[in-house]
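Asks: heads up, no residue letters with this:
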């Protein structure tokens, strides 16, 4: 892509319900921002205040690209679990940007895949990547995000998706019983209701309350006392303190694996499948297990197709920010 045009400063942001990171770039190397700062999103009333504070002593950027946790519709977004509403025209006018672009955070992850170094991804299945083939993206975090990349390395184009809100499709009798259990609480059970950080406590409760798994009393007390029980369950599973927690995380990964296989077939993602999101590194040992690959490939006659598709985990926590920056750099070059 070459150097940025003279004076074309880029502002990139990763905006989430818990934290927001902004970075300023004057070169095309995503790992070398001129300035970077992370904020507690919950302690700030308006997103404009974040941008104003960040740019107070910085050169004025001309292009701004913000990755947001949620859908972007009509050039605007409402951040999940925050009162922040973002609008491209309003931000452009408020800060005199030549161009503002909002994009879904999984779409930003898609932009970042081509820039990852070998040591910045963990390979779960080698496969044989077609450099011109579509790439599927899943982000395992509080929710289950999805997106994809087309066009290959020469003309890449990232696309958002809300596939995490499609129907949860059980693949085993145990998962069928889990779905039946969740139907008592929800009219519609999406795959995100199960295969996500929000879904993990539901899986654990189902195993203990309905499937006869016994929980260690100390672990049960810690789960009950936690404002967010998901990290407690993951830690107990990883440390070997709880068989019930271990099975809950493994079952969550089964669901994610099956959905990754579904997305790979829907897109014919011969370029590969990439798993990102904040929760993914914490359950990496489960994703590396044969059980994950078996669930990913379990598509009957098309299992051979999935055996050929590489599957990787995106390791850097900055990947969403990098993707936003890459999109902004591309915009700056397009507007020369």
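Replies: Perfect, I can see it now. Bear in mind that the values here come from a model prediction, so they are computed numbers and not experimental data.
Asks: quick one, helices of the stretch 1-150 of the chain?
Replies: Secondary structure of the stretch 1-150 of the chain by DSSP state H, counting those that start in this stretch: the helices cover 47-54, 88-95, 105-112.
Asks: tell me the mean pLDDT over the last one?
Replies: Pointing back at helix 105-112 there. Helix 105-112 comes out with an average pLDDT of 95.
Asks: circling back to that earlier point, just name the most buried of the helices of the stretch 1-150 of the chain.
Replies: Across the helices of the stretch 1-150 of the chain, averaging neighbours per residue (mean count of other C-beta atoms under 10 Å) puts helix 105-112 on top, at a mean of 28. Every residue, glycine included, has its C-beta placed from N, CA and C.
Asks: quick one: contacts of that helix?
Replies: 14-16, 30, 67-69, 135, 137-139, 145-149, 156, 158-161, 274, 276, 314, 319-324, 326-327 (C-beta atoms under 8 Å, 6 or more residues apart in numbering).
Asks: tell me the secondary structure for residue 312?
Replies: The three-state label given to residue 312 by DSSP: H, G, I helix; E, B strand; the rest coil is strand.
Asks: where's residue 223 relative to residue 175, distance?
Replies: Using C-beta to C-beta, to the nearest Å, residue 223 is found at 22 Å from residue 175.
Asks: before we move on, back to that, which of the helices of the stretch 1-150 of the chain sits closest to residue 310?
Replies: Across the helices of the stretch 1-150 of the chain, residue 310 has its closest neighbour in helix 105-112 (15.3 Å, C-beta to C-beta).
Asks: wait, what's in contact with the residue nearest the centre of the chain?
Replies: Here the mean C-alpha position of the chain is nearest to the C-alpha of residue 139 (C-alpha atoms, centre = their mean), at a distance of 2.7 Å. When the contact criterion is C-beta under 8 Å, 6+ apart, the partners of residue 139 are 105, 106, 109, 145, 146, 147, 275, 276, 277, 280.
Asks: One more pass at 10 Å, please.
Replies: 69, 104-106, 108-110, 145-147, 164, 196, 274-280, 314, 319-320 (C-beta atoms under 10 Å, 6 or more residues apart in numbering).
Asks: cool, residue 25 as well?
Replies: 4, 8-12, 32-36, 61, 63, 325-326, 328-329, 332.
Asks: What count of nearby residues applies to the residue nearest to residue 102 when sequence neighbours are not counted?
Replies: Counting by C-beta to C-beta, 6 or more residues apart in numbering, residue 72 is the residue found nearest to residue 102 once chain neighbours are left out, at 4.7 Å. By the measure other C-beta atoms under 10 Å, the count of residues near residue 72 is 19.
Asks: Next: residue 39.
Replies: Neighbouring residues of residue 39 were enumerated by other C-beta under 10 Å; the total is 18.
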